[in-house]
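Asks: Sequence below, structure please.
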Amino acid sequence: MAVRPDKNIYQRLGMGDPGARPKDNSTLREANGTIDYNVPSIGGQDAKNLFPITENSSIGDLENIPQDLIKFQIEVINPTNPNVGDILAFRAYLDSLSDDYTGGYNSYKYNGRAEKFYTYNEFDRNISFNFKIAAQTLQEMKPIYQKLNYLVAQTAPEYSTNGRMRGKFSRLTIGDWISNVPGFFENVGLSWNKNYPWEIDLNNDTDQVPHVLDVSCKFKPIHDFAPENNKDTPFILPRPKKTSDVLSFLNTFGTPS
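Replies: Take a look at the predicted model:
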């Protein structure tokens, strides 16, 4: 029984099959019979890996991003125009995800009482996640590393027109658990494993970088709602992202410096 294309995970999500080759592969072969790997492998490319850094001028409009089993993207917000952001869409090869919440209390010791007394002081949240980048074809290498380069750049400062150093906010989406959560990246780490192959660049037309890398991220959320002890507070509940929310958030908190 034939498999419906819309039910095939590789076709439905545009993941591509690394072993796929055109039925008529005459365009792939040189005169001496060897395969020209510069010619795109039809059906072998991952559409999400190929998806470049894309400006999203309409807040919340992510329709053009290739599908995945779960949503996984980062939107770098323009500090001077929060209606504009750069979308970094990675394939959701997630290795780990942790979401830690901390409540801080002040302690007081009164004379004549053995136990301490406490008053609430502060709230904090930290998100950490690890994922892999993995290129299936030569053509995917450039867009993957452009996105990865921009991701690690989020730990560096931006300079305003008057030379003032400032940070940049991003919005993180991992499924509907972490849905367009604003904040900034405290750390981005890249790690290579000896089992991961490198691009050796026989034709001198690309970069000698790994086909696969481990990426670790520490993300500090700065919510655009007031964190409070309420059953409806959207810590891990999806919350629609509106232009007014982003404007209010940036007007209240500014940009991290």
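
Asks: Leaving out chain neighbours, which residue sits closest to residue 183?
Replies: residue 221 (4.1 Å; CB to CB, 6 or more residues apart in numbering). To be clear about C-beta, it is placed using only N, CA and C from the backbone, and glycine gets the same treatment.

Asks: What about the one you found, how many residues nearby?
Replies: 18 (other CB atoms under 10 Å).

Asks: what's near enough to touch it?
Replies: Residue 221 is in contact with 125, 126, 127, 172, 181, 182, 183, counting by CB atoms under 8 Å, 6 or more residues apart in numbering.

Asks: element containing the residue nearest to residue 178 when sequence neighbours are not counted, please.
Replies: Leaving out its chain neighbours, the residue that sits closest to residue 178 by CB to CB, 6+ apart is residue 172, at 5.5 Å. Take DSSP states H and E as the rule and residue 172 turns out to sit in strand 170-174.

Asks: so where's the stretch 1-150 of the chain uncertain?
Replies: 1-7, 19-43, 57-63 (pLDDT under 70).

Asks: relative to its centroid, which residue of this structure is most remote?
Replies: Centroid-distance maximum for the chain: residue 112 at 54.2 Å, with CA atoms, centre = their mean.

Asks: my read is it is in a helix, agree?
Replies: No: read with DSSP: H, G, I helix; E, B strand; the rest coil, residue 112 is coil and lies in no helix.

Asks: any idea how far it lies from residue 84?
Replies: 61 Å (CB to CB, to the nearest Å).

Asks: Repeat that for residue 105.
Replies: From residue 105 over to residue 84 (counting by CB to CB), the distance is 41 Å.

Asks: between the two, which one's more packed in?
Replies: The neighbour comparison of residue 105 against residue 84 (other CB under 10 Å) goes to residue 84, with 15 against 12.

Asks: quick one, what contacts that one?
Replies: 55, 56, 57, 77, 78.

Asks: Now, the residues you listed that are in strands?
Replies: 55, 56, 77 (DSSP state E).

Asks: where along the stretch 1-150 of the chain do the helices fall?
Replies: 9-12, 47-50, 141-152 (DSSP state H, counting those that start in this stretch).
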